[in-house]
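S.K.: Provided below for reference: sequence and predicted model.
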Amino acid sequence: MPKVAKELGALAVSKLSEPGMHPVGKVAGLYLQISASNARSWILRVKVGERRREIGLGPYPSVSLKDAQTKAQAERDKISAGVDPILQRREAASRLKASQALEITFQDAAKRFMDAKSSEWKNPKHGDQWRNTLRDYAYPFIGRLYVRHIQQEHVMQVLEPIWLTKNETASRLRGRIEAILNWAKVKGYRTGENPAAWRGSLENLLSRPSKVQKVRNHPALALSAMHDFMVALRGIEANGARCLEFAILTAARSGEVRGARFSEMDWQNAVWKVPGDRMKAKKEHRVPLSSAAVSLLKAMPRAKDQDLIFPSPRGKTMSDMTLLMIVRRMGLDAVPHGFRSTFRDWAGEMTAYPRELAEVALAHVKGDATEAAYWRSDVLEKRRRMMDDWASFISRPFPSGNVISMQRTA
């Protein structure tokens, strides 16, 4: 036990001025430390186990002599109980830092999740949809909440206002919140069940999307109007018009056609091989070209070092809006994608071609065995005949009177 110094009173302590360590008594090892700049603070010098410690007790005079003595005695009591005050403080500081490191807001978590997963998204538009829906609907309610604090009622605050009026958006938003909170749980930022999960959770509080969403088909042009439309379309001298015409002739999706390249064309066999990275199903799709489609392609100019068949004025991939504006300027209530529906109506109502043949032409056939059967070379030729008939149909005036079925054998 160290020797206790002579006890000083508050007045005597206030008069100390020499730089150094001044024992003040009452509690062994308690000193007033005065620096060369006259800064003053309380220090408890003590031996803890085999180590000597200097424990700071605060500045003087903010911490009075009486308070310093109380603090010093408390520290000595800890030591007597087998606690090292310095290690205790370090552990507390470490726990505090660890706790603070786990305090991440939903908005910060969302940004980190999107940064980590953006390489998996199909295109920049997908990322914009994530950012915009979270910004507009989620962040105002839960953006500043720590992810570990987010409960089901918070998720409901986000979803309920738009669940009935904008259900498709709300459903996608729910899935995005669920994914972000799953990421946060794996990273250790939260524990417990995911409050945005549908099964066993929100399905009991919200109407099923299938009961809320209205089926919205892409506005399509009637079969009876196709001939007049094609005449008008072929009268427009623009790359966009030719791109839309080729899309109609092949019944392909807009993105597949806008990205079409000369190098994808098998001229000898009149087949367009669309690579999987531009297909919805992520599998290569072969399109047998009708005579009209081949003639259109051969008439397209090809600039040096340009592989795109229908480039924009800047030589880039044409925007989907270009095709839409062509249809709108022609005064039609239709969208480019709707012509695929028109083709399907024609195949089903006015021809004897099997339903599966039209489905594979639209790249709708799923299942390896079925798809493989409809990719055989003989079936490819049947599809070519179907596309020739389609090109012929849209180039002639619509038959008057009863609907005439085309009896060509598939």
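M.R.: Everything's here; your move.

S.K.: quick one: low-confidence parts of this protein?
M.R.: Applying pLDDT under 70 to the chain flags the ranges 1-4, 96, 98-102, 122, 213-218, 365-378, 400-410.

S.K.: show me where it has its strands.
M.R.: Taking DSSP state E to define them, one finds strands in the chain at 20-23, 30-34, 40-48, 51-59, 265-266, 271-274, 285-288.

S.K.: buried sites along the last one?
M.R.: Using 16 or more other CB atoms under 10 Å as the burial criterion, the residues of strand 285-288 that qualify are His285, Val287, Pro288. C-betas here are computed from N, CA, C, even on glycine.

S.K.: now stretch 300-310
M.R.: Buried-residue list, stretch 300-310, by 16+ other CB under 10 Å: Met300, Leu308, Ile309, Phe310.

S.K.: quick check: bridge partners of the second one?
M.R.: With DSSP bridges applied, Leu308 shows beta-bridge pairing to Arg261.

S.K.: make 52 the first number, not 1, from now on.
M.R.: All set: I'll call the first residue 52, so the last point we hit is now Leu359.

S.K.: could you check how far it is from Gly71?
M.R.: Look at Leu359 and Gly71: by CB to CB, to the nearest Å, they are 83 Å apart.

S.K.: what does Phe157 give?
M.R.: 54 Å.

S.K.: of the two, give the one with the bigger neighbour count.
M.R.: Phe157 (26 against 11; other CB atoms under 10 Å).

S.K.: which residues touch the more buried one?
M.R.: By CB atoms under 8 Å, 6 or more residues apart in numbering, Phe157 lies in contact with Ala189, Tyr190, Ile193, Gly194, Arg195, Leu196, Tyr197, Val198, Ile201, Ile231.

S.K.: how close does the residue nearest to it when sequence neighbours are not counted get to Ser342?
M.R.: Leaving aside its chain neighbours, Phe157 sits nearest to Ile193 (4.8 Å; criterion: CB to CB, 6 or more residues apart in numbering). According to CB to CB, Ile193 stands 58 Å off from Ser342.

S.K.: can you pull the contacts of the residue positioned nearest the centre of the chain?
M.R.: Compute the mean C-alpha point of the chain, and by CA atoms, centre = their mean the closest residue is Trp181, 4.3 Å away. Going by CB under 8 Å, 6+ apart, Trp181 touches Met165, Trp172, Arg227.

S.K.: among the residues you listed, name the buried ones.
M.R.: Met165, Arg227.

S.K.: closest to Asp317 among the contacts of Trp181?
M.R.: Nearest to Asp317 out of the contacts of Trp181 is Trp172 (CB to CB; 30.9 Å).

S.K.: could you list every residue that touches that closest one?
M.R.: Applying CB under 8 Å, 6+ apart, the residues near Trp172 are Gly178, Trp181.

S.K.: tell me how many other residues crowd Pro246.
M.R.: Pro246, neighbours per other CB under 10 Å, totals 18.

S.K.: do the one 10 residues further on as well
M.R.: For Leu256, the tally of surrounding residues (other CB under 10 Å) stands at 13.

S.K.: tally of neighbours for the closest residue in space to it that isn't next to it in sequence?
M.R.: In space, and not counting its chain neighbours, Leu256 is closest to Met207: 6.5 Å by CB to CB, 6+ apart. For Met207, the count of nearby residues is 17 (other CB under 10 Å).

S.K.: go on, Ala283?
M.R.: The number of residues near Ala283, taken as other CB under 10 Å, comes to 13.

S.K.: tell me the contacts of the closest residue to it other than its chain neighbours?
M.R.: Leaving aside its sequence neighbours, Ala283 sits nearest to Met381 (CB to CB, 6+ apart; 6.0 Å). By CB under 8 Å, 6+ apart, the contact list for Met381 reads Phe280, Ala283, Leu284.

S.K.: what about Met381, distance to Pro70?
M.R.: Taken as CB to CB, the span from Met381 to Pro70 is 92 Å.

S.K.: residue ranges of the helices in the stretch 202-351 of the chain, please?
M.R.: Here the stretch 202-351 of the chain has its helices, by DSSP state H, counting those that start in this stretch, at 203-214, 218-237, 260-263, 277-285, 290-301, 305-309, 342-350.

S.K.: Ala79: which of these is closest?
M.R.: Nearest to Ala79, of these and by CB to CB, is helix 218-237 at 50.8 Å.

S.K.: for the closest one, which outside residues touch it?
M.R.: 155, 157, 160-161, 163-164, 167, 180-181, 184-185, 188-189, 193, 198-199, 201, 206, 209-210, 213-214, 241-243, 245-249, 253, 260, 263-264.

S.K.: one more: stretch 359-371?
M.R.: 290-291, 293-294, 297, 305-306, 308-313, 348, 351, 353-354, 357, 373, 387.

S.K.: in PyMOL, how would I select the buried members of these?
M.R.: Remark: buried members of those, expressed as a PyMOL selection using 16+ other CB under 10 Å:
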select buried, resi 290+291+293+294+297+305+306+308+309+310+311+312+348+351+373+387
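
S.K.: if we can go back for a sec, tell me the one of the contacts of Phe157 nearest Val411?
M.R.: Ile231 (38.2 Å).

S.K.: how close does Leu83 get to Arg312?
M.R.: Counting by CB to CB - Leu83 and Arg312 are separated by 84 Å.

S.K.: Val325 now?
M.R.: From Val325 to Arg312 the distance is 10 Å (CB to CB).

S.K.: do Tyr111 as well
M.R.: Taken as CB to CB, the span from Tyr111 to Arg312 is 80 Å.

S.K.: circling back to that earlier point, would JSON lines of the helices of the stretch 202-351 of the chain with distance to Met438 be doable?
M.R.: Output for the helices of the stretch 202-351 of the chain, formatted as JSON lines (distance: least, CB to CB, whole Å):
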{"stretch": "helix 203-214", "distance to Met438": "43"}
{"stretch": "helix 218-237", "distance to Met438": "33"}
{"stretch": "helix 260-263", "distance to Met438": "35"}
{"stretch": "helix 277-285", "distance to Met438": "15"}
{"stretch": "helix 290-301", "distance to Met438": "7"}
{"stretch": "helix 305-309", "distance to Met438": "14"}
{"stretch": "helix 342-350", "distance to Met438": "7"}
